[in-house]
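S.K.: What follows is a predicted protein model with its sequence.
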Amino acid sequence: MDNTSLFVVVLLAGLTLVVLGLGAALLLSPKSINFQKGEPYECGLPTHGTSWMQFRVGYYLYAILFLMFDVETIFLFPWSTVVRQMGMTGLVSILIFIVILGLGLAYAWRKGILKWT
Amino acid sequence: MKQPLELTGLISNLHTFFRSNLTPFWATVIEGALVLIAVLAAYAIIALALIYIERKITAFFQSRLGPNRLGKYGWIQSVADLIKILIKEIIHINKVDKVLFYAAPFFVIVSSVLTFGIIPFGQGLQAVDFNIGIVYILAVSSIGIIGVLLAGWSSNNKYSMIGAMRSGAQFISYELSAGFALMTVVVLSGTMQVSEIVESQRYAWNVFNGHIPAMIAFVIYLISGHAETNRGPFDLPEAEGELTAGYHTEYSGLQFGFFYLAEYLNMFIIAAIATTVFLGGWMPIQVQGWDGFNQVMWYIPSYVWFFAKTGVLIFFSLWVRWSFPRLRIDLLLNLEWKYLLPINLVNIIVMVVVVLLGWTLEDLFPIFRP
């Protein structure tokens, strides 16, 4: 079997595990209906309002920074497999690339994005 | 080399048996089903064993006995826990986002099973072997965080929301470090296929072959692996003192069990990938020229080597977990963005210089050359 079909088999294995497990649990587990049980588990008091609200912006800034470096990773992986054959050209060209990205990180650092106030 | 205990012979015999006795279609179907059952069985058995091992080792770290009632030394305890969690009621919460709430465990489990599939447990014991293996590992292992974010967001619970947000920030930050650390090894070995990476470490493990930069990458990978799996001193998404249980507060019964299972398996997967990439995977210890010694080492089957190396790393992870206090979220993110990431970027360049100037052990000493 080739890798793609084996990948599908492993994917099916994951889905089977969850479906079988939940199916067995639904068959075996007791069921009782009580409205109180469905309340969110917070502090024992009734919940105040919804939790789908505005959230701290710091997390999203980290997400944007992550995006920048993750795209860089995608560029770097093909390079890293062939750098042995490319020799010094590969090193110099990627050095420029990494320095530019490092400047990006330095900019974010200087602007105080990395500081958790 | 004689290898009497390997499973490669069994696998190829099964393959020829099915191919010769059945039509190609049915042979493929049966082989696929066998792979599916093998993956599921390995996943479940490793999870149960790990839960028991962790409880026992944790107990010894804290001068307790740990589980000791069911079976000798309590070895059957985690099976009993599995049965117990199966017969627990799955509570349906009133105000959740229904679709996302029930979809979240699927993402978490599927991601960890897919990553599990590419681990080479021994010679021929690898389900998927893409030639872009390392990218595949990074890609599928980050599907899990979608499940965690969905779980936290859809629960409509403030603790879950905060836990999921922390987990997301932590995961994506440390994902970068893990990726760069693995990339350092790709530079060293020149391939991304997992089986070839193992094969290239026949006489010199990568962590020794690339000496200084590889060791730095190894340490960084272990740190970011701990952080990615929300373990060790980095378990603040589910800091029980402040967030009850973090993103899976609202889950009950087996749905909670799936998050728990995935967490344990991810710990194993991180250790297994570190073994494969840095510590030679299933390769026995061998020395060029010492034929008798090599023969003795090859008698020990490859899966024993693999689990022994992985076990050492898992023990180390537990040791770290019970030795350090939990970090604060800003300290955690500082560690990644101000220390690990810049070190990593420099480290890759150092590794390229080492490789290009021929300073690896393989290049310096012919005895390590395969």
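M.R.: Cool, got the structure.
S.K.: List the contacts of the residue sitting nearest the centre point of chain B.
M.R.: The centroid of chain B falls nearest to B:Ile269 when counting by C-alpha atoms, centre = their mean (1.0 Å). Residues near B:Ile269 by C-beta atoms under 8 Å, 6 or more residues apart in numbering or on different chains: B:112, B:115-116, B:119, B:141. Bear in mind the C-beta positions are built from the backbone N, C-alpha and C, glycine included.
S.K.: Kindly write the PyMOL command that selects the buried subset of the residues you listed.
M.R.: Of the contacts of B:Ile269, the buried ones go into a single PyMOL selection, burial set by 16 or more other C-beta atoms under 10 Å in any protein chain shown:
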select buried, chain B and resi 112+115+116+119+141
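S.K.: give the contact list for residue 108.
M.R.: Just so you know, I chose chain A. A:61, A:65, A:114.
S.K.: The chain in question should be chain B.
M.R.: Listed by C-beta under 8 Å, 6+ apart, the contact partners of B:Val108 are B:144, B:147-148, B:151, B:258-259, B:262.
S.K.: on that earlier part again, just the ones of the contacts of A:Ala108 in helices?
M.R.: A:61, A:65 (DSSP state H).
S.K.: before we move on, the earlier item: filter the contacts of B:Ile269 down to the ones near chain A?
M.R.: B:112, B:116 (C-beta under 8 Å from any C-beta of the partner chain).
S.K.: Let me have the contacts of B:Ile269 in TSV, extended by secondary structure.
M.R.: Below are the contacts of B:Ile269 laid out as TSV (DSSP: H, G, I helix; E, B strand; the rest coil):
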residue	secondary structure
B:Ser112	helix
B:Thr115	helix
B:Phe116	helix
B:Ile119	coil
B:Ser141	helix
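S.K.: Low-confidence stretches in the chain?
M.R.: Since no chain was named, I'll use chain A. Where chain A drops to pLDDT under 70, the residues are A:43-44, A:117.
S.K.: if you could check chain B rather than the one you did, that'd help
M.R.: Scanning chain B for pLDDT under 70 picks out the ranges B:1-2, B:239-241.
S.K.: ok so, going back, who wins on neighbours among the contacts of B:Val108?
M.R.: B:Ala151 (29 neighbours; other C-beta atoms under 10 Å in any protein chain shown).
S.K.: quick one: it and B:Phe101 touch, right?
M.R.: Yes: with contact defined as C-beta atoms under 8 Å, B:Ala151 reaches B:Phe101; the gap is 7.4 Å.
S.K.: number of nearby residues for residue 78?
M.R.: No chain in the question, so chain A it is. 13.
S.K.: The chain in question should be chain B.
M.R.: 20.
S.K.: How about the one helix or strand it maps to and chain A, touching?
M.R.: Using DSSP states H and E, the element containing B:Ser78 is helix B:77-86. Yes: contact between helix B:77-86 and chain A, assessed by C-beta under 8 Å from any C-beta, occurs at B:Leu86.
S.K.: now swap in stretch B:249-268 and tell me
M.R.: Yes: with C-beta under 8 Å from any C-beta as the criterion, chain A is reached by stretch B:249-268 at B:249-250, B:253-255, B:257-258.
S.K.: Contacts only, for the nearest residue to B:Ile367 once chain neighbours are set aside.
M.R.: Distances taken as C-beta to C-beta, 6 or more residues apart in numbering or on different chains place B:Gln288 nearest to B:Ile367, at 4.8 Å, with adjacent residues excluded. By C-beta under 8 Å, 6+ apart, B:Gln288 lies in contact with B:203, B:367-369.
S.K.: Considering the residues you listed, which possesses the most neighbours?
M.R.: B:Tyr203 (22 neighbours).
S.K.: can I assume that one is in contact with B:Val287?
M.R.: Yes: counting by C-beta under 8 Å, B:Tyr203 touches B:Val287, with 7.3 Å between them.
S.K.: Need the overlap of contacts for these two.
M.R.: Common neighbours of B:Tyr203 and B:Val287 (C-beta under 8 Å, 6+ apart) are B:Ile367.
S.K.: Run through the residues that contact A:Phe35.
M.R.: B:Asn94.
S.K.: Look up phi and psi at it.
M.R.: The phi/psi pair for A:Phe35 (degrees, to the nearest 10) reads phi -60, psi -40.
S.K.: one step back: nearest to chain A among the residues of stretch B:249-268 next to chain A?
M.R.: B:Leu254 (3.9 Å; C-beta to the nearest C-beta).
S.K.: can you count the residues close to the closest one?
M.R.: What B:Leu254 shows, counting by other C-beta under 10 Å, is a neighbour count of 25.
S.K.: for B:Trp337, same thing?
M.R.: B:Trp337 sits with 22 neighbouring residues when counted by other C-beta under 10 Å.
S.K.: what separates B:Ile146 from B:Thr360, distance-wise?
M.R.: 38 Å (C-beta to C-beta, to the nearest Å).
S.K.: higher neighbour count, the two?
M.R.: More crowded of B:Ile146 and B:Thr360, by other C-beta under 10 Å: B:Thr360, with 22 against 15.
S.K.: Got the phi and psi for the residue nearest to the more buried one when sequence neighbours are not counted?
M.R.: Distances taken as C-beta to C-beta, 6+ apart place B:Asn209 nearest to B:Thr360, at 5.3 Å, with adjacent residues excluded. Dihedral angles of B:Asn209 (phi, psi; degrees, to the nearest 10) stand at phi -60, psi -40.
S.K.: cool, and B:Ser154?
M.R.: Per degrees, to the nearest 10, the backbone of B:Ser154 is at phi -80, psi -10.
S.K.: and if you look at A:Leu114?
M.R.: Per degrees, to the nearest 10, the backbone of A:Leu114 is at phi -80, psi 0.
S.K.: Next up, identify which helix or strand B:Phe268 is on.
M.R.: Going by DSSP H and E, B:Phe268 is in helix B:253-278.
S.K.: that older thread, cross-check the contacts of A:Ala108 against chain B and keep the overlap.
M.R.: Okay, of the contacts of A:Ala108 touching chain B (C-beta under 8 Å from any C-beta), that's A:65, A:114.
S.K.: counting contacts, what elements does the helix holding B:Ser78 pack onto?
M.R.: Counting contacts by 3 or more C-beta pairs under 8 Å, 6 or more residues apart in numbering or on different chains; DSSP states H and E, helix B:77-86 is packed against helix A:3-28, helix B:24-61, helix B:253-278.
S.K.: Going along the chain, name the helices of the stretch 151-300 of chain B.
M.R.: In the stretch 151-300 of chain B, the helices defined using DSSP state H, counting those that start in this stretch lie at B:158-189, B:194-199, B:206-209, B:211-228, B:240-243, B:253-278, B:291-299.
S.K.: I'd like those laid out as JSON lines, including distance to B:Pro24.
M.R.: Listed next are the helices of the stretch 151-300 of chain B as JSON lines, based on distance: least, C-beta to C-beta, whole Å:
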{"stretch": "helix B:158-189", "distance to B:Pro24": "35"}
{"stretch": "helix B:194-199", "distance to B:Pro24": "25"}
{"stretch": "helix B:206-209", "distance to B:Pro24": "39"}
{"stretch": "helix B:211-228", "distance to B:Pro24": "41"}
{"stretch": "helix B:240-243", "distance to B:Pro24": "54"}
{"stretch": "helix B:253-278", "distance to B:Pro24": "32"}
{"stretch": "helix B:291-299", "distance to B:Pro24": "35"}
